[in-house]
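*Asks:* coords below, sequence missing:
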């Protein structure tokens, strides 16, 4: 009985959705794939607008994780037994999916890591500590997440190298002439984000990579915010490293990838030492394993990485260009609605933006905004978004941030705007 | 929105808008900085202690409505009190915003600070309400820094 009732509810919701859906993109059908979205918070339907922090997981990804744990779980690579082979096949299958997802030349160029933070740290240890020395320079940008600042500061301190920062304008766009002026023969690495998690700015990374390569400088792209939204082609970009987190693209936490050109990865030191990353060990000498094993010491997050593979399969069932256009329209609509509210100021007004809408309200702290929105079931992030230098650049202590995925709707944006009006009212 | 109006009472909104004793204290002989790394709240509490009593107290900094109002009302409540009484008030305040039980004697001691009792319904905001108190405690005990973490 309960089952048929649920089916009936789904049919009703579907027919309602037909009226509200945007042209060509059936968001209500997509929403059915995400069980977490069915719940209520404080008696209100959950409005999840914290996707830049972590996105939700579709049923097919949850199911794939369950299948692994129920039928396939074992340690990978080492075992001759049936389950170990099954687990290895699934894990390496996920790597193949990643390879196609970012169009890497070879799957061994895709190193599994816990997330983008670990990916950057891997490059810092494996590449930075080997090839960067006293007097050398590393270029980052003014809009980096702490994950793409702190590891480089640590390296600079250790090696006597220095950090150079590409400035940005008041809209939150990088100043490319300034970037060009920063590049010189001392530059040993450029590490920039593809999309800013605090501002939503999409950086012209292809052009920036070209500029760096003119000086023979390798480039790391932090793709944490771009992989869920943009079609990424690492060969076309010609980046030397590209890293992203699974949990921001509909996979479980603990999954992620750092891509590196095989020719560069080959020259690098390993990251962590341990099992699985070696060919042979004696007390006198250890011979490291080939790619990608060299960088994957210890038992990895097997279930999570298989989940990432399933999330990629899921994304492949969606017309991603259409999804991107839909998200773009959501952002445009939300920007228009929020800008119309007196006292609201949008932080980050770059021409090229995606998914992220950061804002402040006169005399109201973002933390208070976050609490009041939460009472209405609306999840946003309030704080510095692990990008304190961005807050300092815009002279705000923090912002409130709504960030969208393709399962969000215009009705949810309306809810957000109505509740922000309520916030303004409470504090008036 | 009843829990919400319990949290954002008029008194709190008023102290947020017009914080009292919101300035640097030139005569301060004790001070400490407080940070809430979760939301970036940052304030400094200044004290003029004489014969173990709080002769003057002020604060400055930035933060959410709850942390600002809590700091403002704390300065009013603590001024003129002995060090021991100020610490006692902190512990009563802390108990009120973190525990479920309404103890008569605790509420009595707190006077108008009772307006912060709604905070206990919002566990993530407890640190906002107690930041100024932690910082005052640090200043009283000659510690330069306080953190809610």
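*Replies:* The structure has been received and is ready for your questions. Because the structure is predicted, anything quoted here is derived from the model rather than measured. Numbers count the residues shown, from 1 in each chain, chains lettered A, B, ... in the order given.

*Asks:* check contacts around residue A:63.
*Replies:* Shown in contact with residue A:63 (Cβ atoms under 8 Å, 6 or more residues apart in numbering or on different chains): residue A:310. To be clear about C-beta, it is placed using only N, CA and C from the backbone, and glycine gets the same treatment.

*Asks:* I'd like the secondary structure assignment at it, please.
*Replies:* At residue A:63 the chain is in helix, as set by DSSP: H, G, I helix; E, B strand; the rest coil.

*Asks:* separation between it and residue A:164?
*Replies:* As judged by Cβ to Cβ, to the nearest Å, residue A:63 and residue A:164 stand 47 Å apart.

*Asks:* do residue A:379 as well
*Replies:* Using Cβ to Cβ, residue A:379 is found at 37 Å from residue A:164.

*Asks:* Provide a list of residues in contact with the residue in chain B that chain A sits nearest to.
*Replies:* For chain B, the residue closest to chain A is residue B:64, as judged by Cβ to the nearest Cβ, at 3.7 Å. Residue B:64 sits next to A:365-368, B:39, B:41, B:125, B:128 when contact means Cβ under 8 Å, 6+ apart.

*Asks:* For the stretch 151-300 of chain A, give the residue positioned nearest to chain B.
*Replies:* residue A:198 (12.6 Å).

*Asks:* Repeat that for the stretch 51-200 of chain A.
*Replies:* Nearest residue of the stretch 51-200 of chain A to chain B: residue A:146, at 11.7 Å (Cβ to the nearest Cβ).

*Asks:* my read: that residue touches residue A:387, true?
*Replies:* Yes - contact status for residue A:146 versus residue A:387: in contact at 6.8 Å, counting by Cβ atoms under 8 Å.

*Asks:* for the most centrally placed residue in chain A, helix, strand, or coil?
*Replies:* For chain A, the residue nearest the mean C-alpha position is residue A:224 (2.3 Å; Cα atoms, centre = their mean). Following three-state DSSP, residue A:224 is assigned to coil.

*Asks:* cool, and residue A:197?
*Replies:* Reduced to three states by three-state DSSP, residue A:197 is coil.

*Asks:* separation between it and residue B:59?
*Replies:* According to Cβ to Cβ, residue A:197 stands 32 Å off from residue B:59.

*Asks:* Ok, residue A:411 next?
*Replies:* Taking Cβ to Cβ, one finds residue A:411 at 43 Å from residue B:59.

*Asks:* before we move on, what about residue B:130?
*Replies:* Using Cβ to Cβ, residue B:130 is found at 14 Å from residue B:59.

*Asks:* again with residue A:34
*Replies:* 45 Å.

*Asks:* Kindly report the same for residue B:67.
*Replies:* On the measure of Cβ to Cβ, residue B:67 and residue B:59 end up 10 Å apart.

*Asks:* Need the overlap of contacts for those two.
*Replies:* B:43, B:132.

*Asks:* Once you drop chain neighbours, what's closest to residue 132?
*Replies:* No chain was given, so I picked chain A. Of all residues not flanking residue A:132 in the chain, residue A:188 sits nearest, at 4.8 Å (Cβ to Cβ, 6 or more residues apart in numbering or on different chains).

*Asks:* Oops, wrong one, chain B.
*Replies:* The nearest residue in space to residue B:132 (Cβ to Cβ, 6+ apart) is residue B:71, at 3.5 Å.

*Asks:* So which elements touch the helix or strand containing that neighbour?
*Replies:* If you go by DSSP states H and E, residue B:71 is part of helix B:65-78. If you count contacts as 3 or more Cβ pairs under 8 Å, 6 or more residues apart in numbering or on different chains; DSSP states H and E, helix B:65-78 packs onto helix A:366-375, helix B:10-17, strand B:41-50, strand B:53-62, helix B:83-98, helix B:126-140.

*Asks:* Give me the distance between that helix and the centre of its chain.
*Replies:* 5 Å (Cα atoms, centre = their mean, to the nearest Å).

*Asks:* What mean pLDDT does it get?
*Replies:* Averaged over helix B:65-78, pLDDT sits at 97.

*Asks:* and what of stretch A:372-383?
*Replies:* Averaged over stretch A:372-383, pLDDT sits at 96.

*Asks:* Can you list the neighbours in contact with that stretch?
*Replies:* A:40-50, A:52-53, A:366-367, A:369-370, A:398-403, A:412, A:415-416, A:419-420, A:422-423, A:426, B:1, B:3-4, B:8, B:38-40.

*Asks:* Emit the ChimeraX select command for whichever of the residues you listed are buried.
*Replies:* Restricted to buried positions by 16 or more other Cβ atoms under 10 Å in any protein chain shown, the ChimeraX selection for the contacts of stretch A:372-383 reads:
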select /A:45,46,47,48,49,50,52,53,366,367,369,370,398,399,400,401,402,403,412,415,416,419,420,422,423,426 /B:4,8,39,40
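
*Asks:* tally of neighbours for the closest residue to residue B:142 other than its chain neighbours?
*Replies:* Distance criterion Cβ to Cβ, 6+ apart; nearest residue to residue B:142, sequence neighbours excluded, is residue B:30 at 6.9 Å. Residues lying near residue B:30 (other Cβ atoms under 10 Å in any protein chain shown) number 19.

*Asks:* give me every residue that touches residue B:30.
*Replies:* Here residue B:30 is in contact with B:46-49, B:139-140, B:142 (criterion: Cβ under 8 Å, 6+ apart).

*Asks:* And residue A:420, by the same measure?
*Replies:* A:338, A:341, A:344, A:361, A:369, A:373.

*Asks:* with those residues in mind, which one is nearest to chain B?
*Replies:* Closest approach between the contacts of residue A:420 and chain B, by Cβ to the nearest Cβ: residue A:369, at 9.1 Å.

*Asks:* Tell me the spacing between the closest one and residue A:130.
*Replies:* From residue A:369 to residue A:130 the distance is 46 Å (Cβ to Cβ).

*Asks:* tell me which parts of the stretch 201-350 of chain A are close to chain B?
*Replies:* Counting by Cβ under 8 Å from any Cβ of the partner chain, none of the residues of the stretch 201-350 of chain A come close to chain B.

*Asks:* Please, where are all the helices along the stretch 201-350 of chain A?
*Replies:* A:205-214, A:234-237, A:262-267, A:302-316, A:320-339 (DSSP state H, counting those that start in this stretch).

*Asks:* ranking the ones you listed by burial, who's on top?
*Replies:* helix A:302-316 (a mean of 23; mean count of other Cβ atoms under 10 Å in any protein chain shown).

*Asks:* Give the other helices and strands that it contacts.
*Replies:* Contact partners of helix A:302-316 among helices and strands, from 3+ Cβ pairs under 8 Å, 6+ apart: helix A:59-67, helix A:82-102.

*Asks:* Most tightly packed of those?
*Replies:* helix A:82-102 (a mean of 18).

*Asks:* Just checking: what are the partner strands of the following helix or strand past it?
*Replies:* Next helix or strand after helix A:82-102 toward the C-terminus (DSSP H and E): strand A:110-112. The pairing partners recorded for strand A:110-112 under DSSP bridges are strand A:256-260 (antiparallel).

*Asks:* That's all I had, so thanks and see you.
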